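Participant: Sequence first, predicted model second:
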Amino acid sequence: MERLVKTTSLSDINIVTFDEDDRYHVIDPHHDGLDITLYIANHFVLMILIDVGSSVNIIQLEALKRMWIPESEIIKRSSVLVGFIGETKNTVGDIKLPVYVVGVNSIQRFCVIDSLSCFNIILGRPWIHDMKVAPSTYHQCVKLPTPWAVVKIKSDQQEAKDCYTTSLKASTKPAIA
């Protein structure tokens with residue numbers, strides 16, 4: 001709980017803006033993604049990637065298991081997800097989970113995948129649009145309006161760097177002589 005309190009702040013107005021004050025914790029130079037922690041289905045979930053390029057929300061099967069959510073909750077339905085470079089992943093099915101952000105709950109549909117990735121969850125455009133989220137990789141945070149104030153959630157920049165490095169190592173193939 002300590003971590004979420006440190007990464008969330010409220011402003012007095014309900015207009016989403018970014019300025020240089022939002023960058024006080026950013027380590028430059030960087031090209032880091034947005035890696036946040038949220039409260040999902042009664043669990044704090046770390047290593048959530050905010051991805052404006054994703055047309056679906058995705059959760060790893062292993063993350064569901066660590067959240068003690070039984071596989072029987074998954075609606076079995078195989079779909080094919082196509083990545084940026086054309087790679088494909090078959091889904092295990094779909095599941096709906098509550099996502100909580102400072103007083104606002106939303107029920108989100110997730111495609112469940114059973115594959116290795118450094119992120120537990122990818123929140124794509126369905127969540128971004130539903131919650132009116134404004135992500136900024138430059139400022140390393142996301143902001144969203146609530147009925148009470150604008151909420152700011154900081155990205156864990158080091159975790160994003162570590163995940164990126166891990167994914168590069170995993171995708172590197174040895175040269176063939």
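Facilitator: Perfect, I can see it now.
Participant: Could you pull up phi and psi at the nearest residue to residue 65 once chain neighbours are set aside?
Facilitator: Residue nearest to residue 65 in three dimensions, not counting chain neighbours: residue 71, with 7.9 Å by CB to CB, 6 or more residues apart in numbering. C-betas here are computed from N, CA, C, even on glycine. Reported as degrees, to the nearest 10, the phi and psi values for residue 71 are phi -60, psi -20.
Participant: that's a helix at residue 158, yeah?
Facilitator: Yes. The assignment for residue 158 by DSSP: H, G, I helix; E, B strand; the rest coil puts it in a helix.
Participant: Could you give the number of residues near the residue nearest to residue 65?
Facilitator: Residues lying near residue 71 (other CB atoms under 10 Å) number 13.
Participant: Could you tell me which residues make contact with it?
Facilitator: 61, 64, 65 (CB atoms under 8 Å, 6 or more residues apart in numbering).
Participant: and if you look at residue 110?
Facilitator: 56, 57, 58, 59, 94, 95, 96, 97, 121.
Participant: Helices of this structure, residue ranges please.
Facilitator: Assigned by DSSP state H, the helices in the chain fall at 2-7, 61-66, 125-130, 157-171.
Participant: between the ones you listed, which gets nearest to residue 16?
Facilitator: With CB to CB as the measure, helix 125-130 is the member of the helices of the chain nearest residue 16 (12.3 Å).
Participant: Pull the distance from the closest one to the chain's centre.
Facilitator: 11 Å (CA atoms, centre = their mean, to the nearest Å).
Participant: what's the answer for stretch 121-141, then?
Facilitator: The answer for stretch 121-141 is 8 Å, by CA atoms, centre = their mean.
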